[in-house]
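**Student:** Provided below for reference: sequence and predicted model.
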Number of protein chains: 2
Amino acid sequence: MNIMTPDWVKDAVFYQIFPDRFAKGQQSYSSLVFNVPYEPWDAPPTLQGYKGGDLWGVIEQLDYLQDLGINAIYFTPIFQSASNHRYHTHDYYQVDPILGGNIALEKLLDAAHQRGMKVVLDGVFNHASRGFFFFNDILENGPHSPWLDWFKVEGWPLSAYDGSHPANYVGWVGNRALPEFNHDNPDVREYIMQIGEYWLKQGIDGWRLDVPFEIETPGFWQEFRQRVKAVNPEAYIVGEVWGDSRQWLDGSQFDGVMNYLFTGPTIAFCAGDRVLYDLVKAPDYYPYPPLDAQGYGEKIQSLLKLYPWEIQLTQLNLLSSHDTARLLSVAGEDKDSLKLATFLLLTFPGAPSIYYGDEVGLPGRLDPDSRRGFPAPEQWDRDLLDYHKQLIALRHRYPALRRGDYRMIWAQGLCYGFARCLGDSQLLVLVNAGTQSARATFESAGGLGQIIWGYPELNQEEVGQDTRFEVTLGARQGCVLLQQG
Amino acid sequence: MNIMTPDWVKDAVFYQIFPDRFAKGQQSYSSLVFNVPYEPWDAPPTLQGYKGGDLWGVIEQLDYLQDLGINAIYFTPIFQSASNHRYHTHDYYQVDPILGGNIALEKLLDAAHQRGMKVVLDGVFNHASRGFFFFNDILENGPHSPWLDWFKVEGWPLSAYDGSHPANYVGWVGNRALPEFNHDNPDVREYIMQIGEYWLKQGIDGWRLDVPFEIETPGFWQEFRQRVKAVNPEAYIVGEVWGDSRQWLDGSQFDGVMNYLFTGPTIAFCAGDRVLYDLVKAPDYYPYPPLDAQGYGEKIQSLLKLYPWEIQLTQLNLLSSHDTARLLSVAGEDKDSLKLATFLLLTFPGAPSIYYGDEVGLPGRLDPDSRRGFPAPEQWDRDLLDYHKQLIALRHRYPALRRGDYRMIWAQGLCYGFARCLGDSQLLVLVNAGTQSARATFESAGGLGQIIWGYPELNQEEVGQDTRFEVTLGARQGCVLLQQG
């Protein structure tokens, strides 16, 4: 199969926004939310409270994102939903009124596209919510409902809100708040396909698919891909699959997945035994136990062998998300762990995704703490922000970081290195995760190297067509050398 | 106050459609309702079942309606709702998917307007439903909901679906399925005003307002009128108020009400003791006890004195509705009672409204029986249908029937008569509700009369500027004479 993935994703640096918490528009655009009482922005988030972030606020922050180097936004759900995270979809065709409604998305798409920024939405198609029309009709009309076959009703009466009785319908992971669609019903399947098409036609640039592995109807995701790509062949489809995703990454379904197989080892290597196990044991990724360079290299090699290269270039790589604790907290607030992992993120094949606030040092334990309000500028870690900017700029400057082959060149102790090679140019990336300085010695085809990132001690010598490198890196440091063919 | 009401309503003959039961489109326009199982069209209706009538079906029946003489349609609710009558609004901005969605309404409006037909929708603004987004959020998030103040929460926990616990919120007439809006919240008020404006902008011609008397927020309906009329000064606003409606008919709020003060006496006069009391004792109108001509005349005189004349001409007059038993059943299936009452309906000031199916002799006791599927042509009472056509044509032919003054000219026994006078022309309308023939004798200013409806025995004689009439009407007959000034 000739695998085709969207070209723009290979050059993308994503920013993941949890819309209730990123930014609140300075202007009140809607006359409907004048008197809505929200939780204080700075207060610790609660599981059910709203802080009132909106898409108007995102529009106002596009300068900030562009300045950071971001050229793609991935939003957690924005459709009308009776939950602050909006995974409980109430209406797939309406942007939540608190977020500014459909008009705010329209304006955001215009503004983002004018800046060359892409926008990807979160599609929650496995389950809906208790208030979702077609399920609500079953609650209201019982066996008389014409939509009975849209869900998986197992008996009567339904008990949607009273946990002391059996729910009598299938909810996602047994959660009665999230009734699962019956995807085998052709009407349901068509309904979801049309949603997929509709928002593409409205101008979004792709779908991040929530728990797509739960939908086992044969051909479902293949049809989704065909219909979405028929609207826009360059649309990005990325699935939320935490582990081995070969089943969906054969080219007929997704362009990539949320690459937690990169996340876990990268944290385990960079943060080592600083990782707070309590923060990582629940989510389905593995930042623990610690990895040394050899162990990290093996994980990465095996990951890179798992999927076709065309897919690797459009994976969504990340260090934190709304579903994990933030890396800063995972690493016991050790900033260098975050810096090193971010360095590896920005030099890895596939599109990096930065979870809003990570770039300014926002901490956050597990949900709801990982979804705090974006801090005010006076609380930002400016050094960290600057670090992100520079690394993102580096990635944009060197196509080899985005599309170049990946080849491990060094793995000893806690020092790890790899080359990213594209055409005549080759970048040599080294990272020392140890608390002592470390030396790497290796040969690489091509001329003398030039330091383009970091402050290594570099000795090099041309040996025929190759160059022999001796690189000494300070504790917890990374560097990049540019070697021309 | 200078009272302005929409001119077109004075010339309108309405047809009231209960959309789930009037007509089902022959073509499947939506790919989403292919596999929806409906109740059989001909089976007795149930309180919760759907029969699947839609707006596509209405479009296909516009020829039928036009042929009948209808030039305005009043729909019971069409917005997305988890109830077959759709009074439990789930989304005020979406036409129900079973009805064909917003696209079907758009096409219907186009098709109706091309024929010069108006379309009035039912606005249910006192209460919403349990699945309505803003209420559902309260169900889902409890005290954390930002929309708490949109409804009238009285305590926790809410029990929306389990009748064994207190609902803890205000529902319309205590019905927990119908949470009442808090209209004192300016956001709620604005939300409803915007709905009112929105559908006018989409091209509807007016609003029938459900239980508007329940909304007591000062200035609410005045603002509604101002905002609706600002979009379309000729929009019709008609309230569902069953009794004395002076409070809303001062020109600052509604153009008319559903004129049950006409319905009750007219049935009581035409059907007399044929009325099945069990069918009329619950709804808030008074077709019982029977009235003689004198009694009927008094009721009508008092009704005509109640409101300004400009309002009288835009009242919505009716004999049955989805909220009553059908007149044919009320009258113990006595067809003449229906014919006589229809005769009075079509000759009365104000816009007549025919409840779908009444014109072909569809019977129906109280809800749900009054909401049967429209019968197949082979089941129609063709005589009754023809009778309706002719009376409607008569009303269209003579402006005096629509706009002429109303003056009682005869009331004796069960024989009642009135004149409708406009400019030089005057129509003399007589009806004999008795089972014996009856004679009316009276003088009327103007020349000799001409029989334009019915088969009375007419003797007349000019006396100066007047004519003396002696009209003998057969049992259960009506007639109309045309007298030129």
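**Tutor:** That came through fine. Quantities reported herein were computed from a predicted structural model and do not represent experimental measurements.

**Student:** rest of the way, CA atoms for contacts and neighbours
**Tutor:** OK.

**Student:** quick check: which element contains A:R468?
**Tutor:** Per DSSP states H and E: A:R468 is located in strand A:466-473.

**Student:** tell me the mean pLDDT for that strand?
**Tutor:** Regarding strand A:466-473, the rounded mean pLDDT is 97.

**Student:** direction included, what does it pair up with?
**Tutor:** strand A:438-445 (antiparallel), strand A:457-463 (antiparallel) (DSSP bridges).

**Student:** and those as CSV, adding mean neighbour count?
**Tutor:** Formatted as CSV, those follow (neighbours: other CA atoms under 10 Å in any protein chain shown):
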stretch, mean neighbour count
strand A:438-445, 17
strand A:457-463, 15
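
**Student:** B:R468 is nearest to which of those?
**Tutor:** B:R468 sits nearest to strand A:438-445 of all the strands paired with strand A:466-473, at 122.3 Å, using CA to CA.

**Student:** what does that closest one contact?
**Tutor:** A:409-410, A:415, A:432, A:465-475, A:485 (CA atoms under 8 Å, 6 or more residues apart in numbering or on different chains).

**Student:** if we can go back for a sec, could you export the strands paired with strand A:466-473 to a markdown table, including columns for mean pLDDT and distance to A:P352?
**Tutor:** Output for those, formatted as a markdown table (pLDDT from 0 to 100; distance: least, CA to CA, whole Å):
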| stretch | mean pLDDT | distance to A:P352 |
| --- | --- | --- |
| strand A:438-445 | 96 | 26 |
| strand A:457-463 | 96 | 28 |
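
**Student:** rewinding a little: which residues touch the strand holding A:R468?
**Tutor:** A:431-432, A:437-448, A:455-462, A:479.

**Student:** need the residues of chain A near chain B, please.
**Tutor:** Proximity of chain A to chain B (CA under 8 Å from any CA of the partner chain) is limited to residues A:31-38, A:48-50, A:80-83, A:90, A:130-134, A:136-138, A:140-141, A:144-147, A:161-162, A:186-188, A:190-191.

**Student:** what residues of stretch A:355-374 count as buried?
**Tutor:** A:355-374 (16 or more other CA atoms under 10 Å in any protein chain shown).

**Student:** taking those one by one, which sit in strands?
**Tutor:** A:Y355 (DSSP state E).

**Student:** what about the buried residues of stretch A:355-374, which are in helices?
**Tutor:** If you go by DSSP state H, the buried residues of stretch A:355-374 have nothing in helices.

**Student:** now A:P218: which helix or strand?
**Tutor:** Under DSSP H and E, no helix or strand contains A:P218.

**Student:** and it, what pLDDT?
**Tutor:** A:P218 carries a pLDDT value of 98.

**Student:** check the spacing between it and chain B real quick.
**Tutor:** 19 Å (CA to the nearest CA, to the nearest Å).

**Student:** contacts only, for that residue.
**Tutor:** Neighbours of A:P218 in contact, by CA under 8 Å, 6+ apart: none.

**Student:** need phi/psi at it.
**Tutor:** phi -60, psi 130 (degrees, to the nearest 10).

**Student:** that older thread, tell me which residues in the strand holding A:R468 are buried?
**Tutor:** Quick answer for strand A:466-473 (16+ other CA under 10 Å): A:467-473.

**Student:** may I ask which two of these are separated the most?
**Tutor:** For those, the farthest-apart pair by CA to CA is A:T467 and A:L473; their separation is 18.4 Å.

**Student:** number of nearby residues for A:G163?
**Tutor:** By other CA atoms under 10 Å in any protein chain shown, the residues close to A:G163 number 9.

**Student:** so which strand or helix has A:R407?
**Tutor:** strand A:405-412.

**Student:** ok, A:R130 next?
**Tutor:** Since the elements are taken from DSSP H and E, A:R130 ends up inside neither a helix nor a strand.

**Student:** same thing with the one 4 residues further on?
**Tutor:** In the assignment (DSSP H and E), A:F134 maps to helix A:133-141.

**Student:** now do that helix against helix B:133-141, angle only.
**Tutor:** Here the directions of helix A:133-141 and helix B:133-141 differ by 80 degrees (axes from the mean of the first three to the mean of the last three CA atoms, to 10 degrees).

**Student:** which element follows helix A:133-141 toward the C-terminus?
**Tutor:** helix A:186-201.

**Student:** beyond that next one, next helix or strand please.
**Tutor:** strand A:206-209.

**Student:** report the angle between the strand holding A:R407 and strand A:438-445.
**Tutor:** Going by the same axes, to 10 degrees, strand A:405-412 makes 140 degrees with strand A:438-445.

**Student:** quick one: A:Y87 from chain B, how far?
**Tutor:** For A:Y87, the distance to chain B equals 13 Å [CA to the nearest CA].

**Student:** so that residue versus A:D96, what's the distance?
**Tutor:** In this view, A:Y87 and A:D96 are 12 Å apart by CA to CA, to the nearest Å.

**Student:** what touches both of the two?
**Tutor:** Shared contacts of A:Y87 and A:D96 (CA under 8 Å, 6+ apart): A:S81.

**Student:** what are the bridge partners for A:V238, then?
**Tutor:** Beta-bridge pairing of A:V238 under DSSP bridges involves A:R208, A:G256.

**Student:** does A:G264 touch A:Y288 like I think?
**Tutor:** Yes. A:G264 lies in contact with A:Y288 (CA atoms under 8 Å); the separation is 7.4 Å.

**Student:** neighbour-wise, which of the two wins?
**Tutor:** The residue with more neighbours, out of A:G264 and A:Y288, is A:G264; 24 against 20, by other CA under 10 Å.

**Student:** hang on, the more buried one in a strand?
**Tutor:** No. Read with DSSP: H, G, I helix; E, B strand; the rest coil, A:G264 is helix and lies in no strand.

**Student:** got the confidence number for it?
**Tutor:** Predicted confidence (pLDDT) for A:G264: 98.

**Student:** burial of the nearest residue in space to it that is not next to it in sequence, as a residue count?
**Tutor:** Nearest non-adjacent residue to A:G264, counting by CA to CA, 6 or more residues apart in numbering or on different chains: A:P287, 4.0 Å away. Counted by other CA under 10 Å, the residues lying close to A:P287 total 31.

**Student:** and if you look at A:G423?
**Tutor:** 11.

**Student:** could you pull up phi and psi at it?
**Tutor:** Main-chain torsions, A:G423, degrees, to the nearest 10: phi 60, psi -130.

**Student:** any idea how far it is from A:Q315?
**Tutor:** On the measure of CA to CA, A:G423 and A:Q315 end up 22 Å apart.

**Student:** what's the answer for A:V238, then?
**Tutor:** 8 Å.

**Student:** ok, back up a step: which helix or strand lies directly C-terminal to the strand holding A:R468?
**Tutor:** Following strand A:466-473 in sequence, per DSSP H and E, is strand A:477-484.

**Student:** quick one, that next one and strand A:457-463 angle?
**Tutor:** Per the same axes, to 10 degrees, the angle that strand A:477-484 makes with strand A:457-463 is 30 degrees.

**Student:** I figured A:S245 hits A:V257, correct?
**Tutor:** Yes. Taking contacts as CA under 8 Å, A:S245 lies within contact range of A:V257: 7.3 Å.

**Student:** got the confidence number for the nearest residue to A:S145 once chain neighbours are set aside?
**Tutor:** Nearest residue to A:S145, sequence neighbours excluded (CA to CA, 6+ apart): A:I138, at 5.2 Å. On the pLDDT scale, A:I138 is placed at 97.

**Student:** contacts only, for A:I138.
**Tutor:** Contact analysis of A:I138 by CA under 8 Å, 6+ apart lists A:144-148, B:82.

**Student:** tell me which two of the residues you listed sit farthest apart.
**Tutor:** Using CA to CA for every pair in the contacts of A:I138, the one that comes out farthest apart is A:L148 and B:A82, at 12.3 Å.
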